[in-house]
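Chemist: Kindly generate the corresponding structure for this input.
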Amino acid sequence: MLIDITSLYNTTIKNRNLKHFDIWCGPGNVLQTILDTYVFYDIPYDMRAIDLSAQMVDQCNERFSTDDNIQVTQANIFDLDPTNYEQQDIVTCNLMSHNIPVDKKSAFLEKLYSLLAP
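Modeler: Residues are numbered from 1 along each chain as shown. The predicted structure follows:
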C-alpha cells in the first residue's frame, strides 16, 4: 500500500514525532528507505523495529547505531504485548507476511492492527 507520508504527517500527526514500527526488519534495507523519506521531507520520527534473528538485529543496530530515534530489538510479533508499546502511526512488514502459516494470518493481522493508533 502506498501512502502520501507528507499528507499523513501534516494532517494528522503535526507537532510530534511520527511513530513507526517495522516487523521483521532484517538488516534494515527497507527501514533505510523509509528513513531516507522521513529525512528528505523533514519529518521527525521515532522508529521501532523487531526481527526474530539476533544476527539481523545486530546488523540493523550497527547500521543505525548513530540514530537515537531508532530502536531495534529481537522479538517475535506473536509474543508482543501491544500494551507495552505506544500506539504507532505506521506499521510495516515487508517481504515476510507471505511466510506466515495460513492458520496464523488472522492473529498476525490482529496483532499489527493492535499496534496502530486509532
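
Chemist: so where is this protein shaky, pLDDT-wise?
Modeler: 1-3 (pLDDT under 70).

Chemist: those strands in it, which residues are they?
Modeler: Secondary structure of the chain (DSSP state E): strands located at 18-23, 45-51, 70-74, 90-93.

Chemist: okay, the ones you listed in CSV with distance to residue 112 next?
Modeler: Yep, even glycine has a C-beta here, placed from its N, CA and C like the rest. CSV is the format used below for those (distance: least, C-beta to C-beta, whole Å):
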stretch, distance to residue 112
strand 18-23, 7
strand 45-51, 12
strand 70-74, 17
strand 90-93, 5
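
Chemist: With mean neighbour count and distance to residue 36 added, can I get those in TSV?
Modeler: Formatted as TSV, the strands of the chain follow (neighbours: other C-beta atoms under 10 Å; distance: least, C-beta to C-beta, whole Å):
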stretch	mean neighbour count	distance to residue 36
strand 18-23	22	13
strand 45-51	22	11
strand 70-74	17	13
strand 90-93	18	14
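
Chemist: what bridges to residue 48?
Modeler: Beta-bridge pairing of residue 48 under DSSP bridges involves residue 21, residue 71.

Chemist: so what's it up against?
Modeler: 19, 20, 21, 22, 70, 71, 72, 73, 85, 88 (C-beta atoms under 8 Å, 6 or more residues apart in numbering).

Chemist: Next, find the distance separating the closest residue in space to residue 104 that isn't next to it in sequence from residue 108.
Modeler: Of all residues beyond its chain neighbours, the one nearest residue 104 is residue 78 (7.3 Å), with distances taken as C-beta to C-beta, 6 or more residues apart in numbering. Separation of residue 78 from residue 108 (C-beta to C-beta, to the nearest Å): 7 Å.
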